[in-house]
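1. coords below, sequence missing:
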């Protein structure tokens, strides 16, 4: 069962296949090549029951057998010594902030977790260590019938390239995406992936930014207006986004409840937000939620030079460049389709993943470096604060195997309109290249 980590969680597929073989116990075996599993999954349960044979090499300095680890688990808030090490940004970066690969390569070494000796990088040294390496059983009480072997990319992959992958993944995290970190943990380190280690389910603290509604922000790169459409009114949100010194920053500018589209247009005009529809020269940064009364929203967008967003249960959307993103490629839809009108006026429509948008916003709101990356106005008010916290992230447990997974619950279904606006803001920031992009690499193993 290749890539057995990817089998749908909670369905017990591995156990079902095992049951099919139970009639011939003397003539079968199961082979489960896989990247790192999901913490608590069916495969993870098997790993914990198994022999857990992990690849060990001998330290250059003390001669003790050690497994390669990227870093050791934190103890009392401190990261113990041992694992992969490299120079700080000041020593490995060029004057323009980009990484100097030669300096990075010279700075990399592996620190033995037993003697703290330095083991330098070179392809030859890594190969020589592997010659004397062996798998060492970690679970002395493991079931010998469940014989699992594990090694990670440190044993065979160029260390400078690994560090670059890690730094890219960490940068993605600062842009609101855990995809790079997940791929690195699963595919390079071959370790269990546990999202709960990176995103808390606790209530996000207030993020007042020390400014008022209507204050300008000179560092703003993009301003977007997102609109949640109701039966006879609208909720709108204007938010500014920027990437400062490689770190994502976003501020709330203003929000409101409007009874007419003219009020929204006035607010966007005040902040010079482009409203050119499909006109590439002008552009458009005003997006309406089109899931309610879709046909009418299309016409509103056509009349005002706006675009439409539609949330979907799909996780990601493939683009022509091979990358997966939280939003779809643009679709051109006739605003007057089905009306019998002779004229045609096209509107830009994007689908987006509701789950990915929620997850990305939760991650961005959790970033503290040391100040919060995502803030809102000091006088945003209790209505705004109630609505943006209407959706809560919780941990649930599957009945089939007891594994845990994240889910979202709406604690205030009739008062979540500004939360929807903020979810759409994340989608807009993703379109602008500020929020992390998913890599299409889904096949290789470590």
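-> Thanks, I have the structure now. Every value quoted in this text rests on a predicted model; they were computed, and no experiment measured them.
2. just checking, what packs against the helix or strand residue 250 falls within?
-> According to DSSP states H and E, residue 250 maps onto strand 247-258. With contacts taken as 3 or more Cβ pairs under 8 Å, 6 or more residues apart in numbering; DSSP states H and E, strand 247-258 sits against strand 234-244, helix 261-270, strand 374-375, helix 417-431. (Glycine included, C-beta is placed from N, CA and C.)
3. Turn those into a markdown table, including distance to residue 408, mean pLDDT and mean neighbour count.
-> What follows is the helices and strands packed on strand 247-258, written out as a markdown table (distance: least, Cβ to Cβ, whole Å; pLDDT from 0 to 100; neighbours: other Cβ atoms under 10 Å):
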| stretch | distance to residue 408 | mean pLDDT | mean neighbour count |
| --- | --- | --- | --- |
| strand 234-244 | 19 | 96 | 21 |
| helix 261-270 | 27 | 97 | 16 |
| strand 374-375 | 18 | 94 | 22 |
| helix 417-431 | 10 | 96 | 25 |
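4. between the ones you listed, which one is nearest to residue 163?
-> In terms of Cβ to Cβ, the element of those nearest to residue 163 is strand 234-244, at 22.0 Å.
5. Check which residues of the strand holding residue 250 are buried.
-> Residues 248, 249, 250, 251, 252, 253, 254, 255, 258 are the ones in strand 247-258 that count as buried (16 or more other Cβ atoms under 10 Å).
6. Then stretch 272-285?
-> 273, 274, 275, 277, 278, 284, 285.
7. Stretch 156-172 too?
-> So, applying 16+ other Cβ under 10 Å, buried residues of stretch 156-172: 159, 160, 162, 163, 165, 166, 167, 169, 172.
8. ok, these vs residue 71, which is closest?
-> Nearest to residue 71 out of these is residue 166 (Cβ to Cβ; 10.1 Å).
9. The closest one contacts residue 185, doesn't it?
-> No. In this structure residue 166 lies outside contact range of residue 185 using Cβ atoms under 8 Å: 10.0 Å.
10. who does residue 227 bridge with?
-> Here residue 227 sits in beta bridges with residue 236, residue 288, going by DSSP bridges.
11. That one touches residue 425, doesn't it?
-> No. Contact status for residue 227 versus residue 425: not in contact, 10.9 Å apart, counting by Cβ under 8 Å.
12. any shared contact partners between those two?
-> Common neighbours of residue 227 and residue 425, counting by Cβ atoms under 8 Å, 6 or more residues apart in numbering, are residue 237.
13. now the helices for the chain?
-> With DSSP state H as the criterion, the chain has helices at 13-21, 42-49, 89-92, 101-107, 123-131, 159-174, 179-183, 261-270, 294-304, 354-366, 382-388, 417-431.
14. Now do the first one, average pLDDT.
-> What helix 13-21 shows for mean pLDDT is 61.
15. need the contact list for the residue nearest to residue 120 when sequence neighbours are not counted.
-> Sequence neighbours aside, residue 109 is the residue nearest to residue 120 in space, at 5.1 Å (criterion: Cβ to Cβ, 6 or more residues apart in numbering). Contacts for residue 109 (Cβ under 8 Å, 6+ apart) come out as 85, 86, 118, 119, 120, 121.
16. Okay, residue 109 and residue 271: tell me how far apart.
-> Noted for residue 109: a distance of 51 Å to residue 271, by Cβ to Cβ, to the nearest Å.
17. for residue 253, same thing?
-> 7 Å.
18. Can you work out which residues contact both of the two?
-> With Cβ under 8 Å, 6+ apart as the test, residue 253 and residue 271 both reach 223, 238.
19. of the buried residues of stretch 272-285, closest to residue 37?
-> Once Cβ to Cβ is applied, the member of those that ends up nearest residue 37 is residue 285, at 41.3 Å.
20. My guess is that closest one contacts residue 222. True?
-> Yes. If you go by Cβ under 8 Å, residue 285 and residue 222 touch, sitting 6.9 Å apart.
21. tell me, what's touching these two both at once?
-> Common neighbours of residue 285 and residue 222 (Cβ under 8 Å, 6+ apart) are residue 428.
22. Quick check: bridge partners of residue 150?
-> Applying DSSP bridges to residue 150 gives these bridge partners: residue 54.
23. show me the contacts for it.
-> Going by Cβ under 8 Å, 6+ apart, residue 150 touches 52, 53, 54, 55, 190.
24. With residue 261 instead?
-> Neighbours of residue 261 in contact, by Cβ under 8 Å, 6+ apart: 234, 300, 303, 304.
25. Distance check, it against residue 229.
-> Distance of residue 261 to residue 229, computed by Cβ to Cβ: 10 Å.
26. Which neighbours do these two have in common?
-> residue 300.
27. low-confidence ranges in this protein?
-> 1-32, 199-206, 338-343, 397-405, 437-446 (pLDDT under 70).
28. looking at the helices of the chain, which is closest to residue 81?
-> helix 101-107 (16.7 Å).
29. List the buried residues for the closest one?
-> Quick answer for helix 101-107 (16+ other Cβ under 10 Å): 104, 105, 106, 107.
30. Apart from its neighbours in sequence, what residue is nearest the second one?
-> Read it as residue 105. Distance criterion Cβ to Cβ, 6+ apart; nearest residue to residue 105, sequence neighbours excluded, is residue 160 at 4.6 Å.
31. Go ahead and confirm the one you found touches residue 103.
-> No. Counting by Cβ under 8 Å, residue 160 does not reach residue 103; the two are 10.1 Å apart.
32. Alright, that wraps it up for me.
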